[in-house]
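>>> sequence isn't available, so here's the structure alone:
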């Protein structure tokens, strides 16, 4: 079953165990023949499912759908760049493995100093009994097999921890347990005055302190960080840019047999430009038979959805993960007509705010800014205004030395955008515009935050302005 989910990981993790048991079986083939036969047959059943599926969908039993969708650049081996612009090299392989081990070290148990502390007693492996030594070495082989395998892959990036190494977590648990069980004997031998019972009590006390530190200090700081609004850093804040609140809100409206086109106002990801509609996609059933189904905004090509789903009412969701506009759409020849926004009185933790005016996406902190927003929507189609468009218009105004107008464009974009890298770029532009307009105090605040950009403290610079 692991092969069906992640074939490469399954192969890497099990390779040392397969070799070990193969040797064991060969040594006493007569005794182990039934077990070996059963294992091989069951494995062939699942492998056959994968191979047949690949043949039917991808034209070759060994060709994975991932490569069909994204191309050979996403495969294993040096020289492949995948989503990145840099071909994979031995140096990058070493760097990525190092980052992953660093993430495991930091995040696995949440202990101070290192999550590998419990492995240190295993360095004195000669002190363990023979059976334990064999288990420890076999488990460690599974871990090192994964490290060697991922060395050749361009995409071993740290995301939600060392994601490519999640399968080795049980191995690390078991190795840590072995290390802890060996520790009292090692301590009592090192310090003659301590018997094993006292050593066990000390070990238990240290473990209690480490676990308490993890649960009361480390984990809360990671789950509820106070210095960021970025969805990929706050596990409790629409993690990874997905929320159930949009669906809960729209599902509470009597929308019969509807298709909802989703457009989020945030700047698209460079490597995953279609990712922002995941809040809708996660509620689409495989056969698209649900009462409400969701589609990704495709601009002018949205007209084709009327042909694909003639039996459904079609709506347009424009907004953020906290508030949005829901508008009914009608087809008029080759054009789409927008109806009036649908309002909703419901509120609470399960719902987002449905607004009837795009101006309400912004915090209108002054009459000048309010007039500016009105002017933006008078000159542009409301569905075209998003962070990317605001940055584009602001850059155009800056180029034409209309710095006051550029300031408003960049401030409007910052009220919506959450990605720290995008915010940094916008703030950089805003900084120069503040200087050009004589707003030295505001420019100084941005400069102070830029002193250490590694901390990504690009939020709540001007709460009174909404960013």
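Good, I have the coordinates. Predicted model, so just to flag it, every value in this text is computed and none were measured.

>>> can you pull the pLDDT of the residue most central in space within the chain?
Centroid-nearest residue in the chain: residue 240, 4.9 Å away (criterion: CA atoms, centre = their mean). Reported pLDDT at residue 240 in the predicted model: 89.

>>> what does residue 345 give?
For residue 345, the pLDDT comes out at 72.

>>> what's the burial count for it?
Residues lying near residue 345 (other CB atoms under 10 Å) number 6. Backbone N, C-alpha and C define where each C-beta goes, glycine included.

>>> kindly provide the distance from it to residue 351.
10 Å (CB to CB, to the nearest Å).

>>> same check on residue 32?
Note on residue 32: its distance to residue 351, by CB to CB, is 60 Å.

>>> ok, now residue 7?
Residue 7 is 41 Å from residue 351, where distance means CB to CB.

>>> next: residue 301.
Residue 301 is 30 Å from residue 351, by CB to CB.

>>> need phi/psi at residue 314.
Main-chain dihedrals, residue 314, degrees, to the nearest 10: phi -110, psi 130.

>>> what is it paired to in the beta sheet?
residue 259, residue 329 (DSSP bridges).

>>> which residues touch it?
Residues in contact with residue 314 (CB atoms under 8 Å, 6 or more residues apart in numbering) are 258, 259, 260, 261, 305, 306, 328, 329.

>>> same question for residue 176.
109, 118, 119.

>>> cutoff 6 Å now
Counting by CB atoms under 6 Å, 6 or more residues apart in numbering, residue 176 touches residue 118.

>>> please identify the helix or strand for it.
helix 169-190 (DSSP states H and E).

>>> about what we covered before: buried subset of the contacts of residue 314?
Taking 16 or more other CB atoms under 10 Å as the criterion, what is buried in these is 258, 259, 260, 261, 305, 328, 329.

>>> who are the packing partners of the host helix or strand of residue 143?
Using DSSP H and E, residue 143 sits within helix 130-150. Packing partners of helix 130-150 (3 or more CB pairs under 6 Å, 6 or more residues apart in numbering; DSSP states H and E): helix 7-27, helix 169-190.

>>> go through this structure and flag its longest helix.
helix 29-58 (DSSP state H).

>>> after that helix comes which helix or strand?
Helix 29-58 is succeeded, C-terminally, by helix 65-70 (DSSP H and E).

>>> how far does that next one sit from its chain's centre?
Averaging C-alpha coordinates over helix 65-70 and over its chain gives two centres that are 20 Å apart (CA atoms, centre = their mean, to the nearest Å).

>>> which stretch of helix or strand covers residue 293?
strand 292-296.

>>> can you name the two of the buried ones among the contacts of residue 314 that are farthest apart?
305 and 328 (13.5 Å; CB to CB).

>>> pLDDT below threshold where in this protein?
Along the chain, segments meeting pLDDT under 70 span 125-128.

>>> closest to residue 40 among the contacts of residue 314?
residue 259 (47.9 Å).

>>> quick check: the closest one vs residue 302, distance?
For residue 259 relative to residue 302 (CB to CB), the value is 10 Å.

>>> and the angle for the helix holding residue 143 with helix 169-190?
For helix 130-150 against helix 169-190, the angle by axes from the mean of the first three to the mean of the last three CA atoms, to 10 degrees is 140 degrees.

>>> how far off centre is helix 130-150?
On the basis of CA atoms, centre = their mean, helix 130-150 sits 29 Å off its chain's mean C-alpha point.

>>> what about residue 405, neighbour count?
When counting by other CB under 10 Å, one arrives at 19 neighbours for residue 405.
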